[in-house]
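[1] A predicted structure for the sequence below; I have some questions about it.
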Amino acid sequence: MQADLRPGAPTKVRRTIKYESERVKGFGREVMAVPGCDQLVRCIQCGTCSGTCPLSVYMDHSPRQIMALVRADFKDEVLRSNSIWLCASCYACTVECPREIRITDIMYALKQRAIKERMYPKRFPIPVLAREFTNMVSKKGRITETLLVMRLFMKANLLAVLSSWRQGIGLVRTGRFVLRQERIEHSAELAAMLATTDSQAEPAPKTNQEAA
C-alpha cells in the first residue's frame, strides 16, 4: 500500500499489491508473439531501461515494471497505465539493454493494443492523437492537419479550442486553416495493404493444448 504523506494531504491509500485474480493469462505470450517483441522472455529485470529512460520519473510504472507486468499477464494494469504513452521512442532503453530486448517496440505494441481495446486513460491526448491520425491515414491516405488538431481538441481538451482562437484567426488569414480533407488516389488499395499488415501482426490463435 502507498499513502500520500504530504502535509495537509487527505488520507488516501493506493493499493500496489497485485492479486492472482487480476491476471489475464496468455497476455504476455500474445505480446511476445508480435514481431520484435519475442525477446521479452530474456528480461533479467536489471533496471537499465528505467535508468536510461529520460521520462521514467513521470511514469506511473517504470519501463522495468512494465516489462515485468507484461510477462506476469497483468493486462489491465499495463494497458491503462500512462507509462506506455509517455515513451518518447528515443530508443535509449533498447540501445542499452544488456539482453538486447527491443523495449521501444514492445511499448509500440502495447500502445496499439490499448487503442484497439480502448483501454487507454480517458482524455489523455497522446492515444487520442494516435488513434485519430491512424484513422485518417487509413481512410484517406493523408492527414489534414487542421482537422486532426480539431479532432484532438474536441476529444481530449475542448477548452483548448477556446484558448487558441487567436492562433486560429492567424491561420485563417494566412490561408493555412484548411478544412477540405486531403486524400490520395486508390485509397482502397492502401486500406487493403494496411489490413494485411494488421492481420500479420495479430497473435497466432491458441491451440487446444495452449488454451488448456
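    That came in fine, so what should we check first? Numbering: from 1, shown residues only.
[2] And the contacts of stretch 81-95?
    48-50, 52-55, 58-63, 65-66, 78, 101-105, 107-108, 110-111, 114, 120-121, 124, 126-127 (Cβ atoms under 8 Å, 6 or more residues apart in numbering). Yep, even glycine has a C-beta here, placed from its N, CA and C like the rest.
[3] before we move on, what about stretch 134-145?
    Residues contacting stretch 134-145 (Cβ under 8 Å, 6+ apart): 115, 133, 147-148, 178-184, 187, 190-191, 194.
[4] Narrow these to those that are buried.
    The neighbour count (16 or more other Cβ atoms under 10 Å) marks Ile115, Leu147, Leu148, Leu190 as buried among these.
[5] mind checking how far stretch 44-63 is from the chain centre?
    Mean C-alpha position of stretch 44-63 versus that of the full chain (Cα atoms, centre = their mean, to the nearest Å) differs by 16 Å.
[6] What of stretch 90-108?
    Distance, centroid of stretch 90-108 to centroid of chain: 15 Å (Cα atoms, centre = their mean).
[7] And for stretch 76-88?
    For stretch 76-88, the distance to the chain centre is 6 Å (Cα atoms, centre = their mean).
[8] that older thread, may I see the buried ones among the contacts of stretch 134-145 organised as TSV, with pLDDT, secondary structure and distance to Pro35 added?
    Formatted as TSV, those follow (pLDDT from 0 to 100; DSSP: H, G, I helix; E, B strand; the rest coil; distance: Cβ to Cβ, whole Å):
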residue	pLDDT	secondary structure	distance to Pro35
Ile115	87	helix	18
Leu147	81	helix	32
Leu148	84	helix	28
Leu190	80	helix	21
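[9] Could you check how far Thr134 is from Leu55?
    Here Thr134 is placed at a distance of 22 Å from Leu55 (Cβ to Cβ, to the nearest Å).
[10] quick one, what contacts the spatially most central residue of the chain?
    Central residue of the chain (Cα atoms, centre = their mean): Lys111, 2.5 Å from the mean position. Contact partners of Lys111, counting by Cβ under 8 Å, 6+ apart, are Ile84, Trp85, Cys87, Pro127, Ala130.
[11] Export these to JSON lines and append columns for distance to Met32.
    Formatted as JSON lines, the contacts of Lys111 follow (distance: Cβ to Cβ, whole Å):
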{"residue": "Ile84", "distance to Met32": "16"}
{"residue": "Trp85", "distance to Met32": "21"}
{"residue": "Cys87", "distance to Met32": "18"}
{"residue": "Pro127", "distance to Met32": "22"}
{"residue": "Ala130", "distance to Met32": "22"}
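[12] Show only the entries of those residues found in strands.
    Using DSSP state E to define strands, no part of these is located there.
[13] who wins for neighbours among the residues you listed?
    For those, the largest neighbour count, defined by other Cβ atoms under 10 Å, is 25 neighbours, found at Ile84.
[14] Model confidence for that residue, exactly?
    What the model reports as pLDDT for Ile84 is 94.
[15] ok, now the one 5 residues further on?
    At Ser89, the model reports a pLDDT of 93.
[16] Please apply the same query to the one 10 residues further on.
    Per-residue pLDDT puts Arg99 at 96.
[17] Thanks a lot, catch you later.
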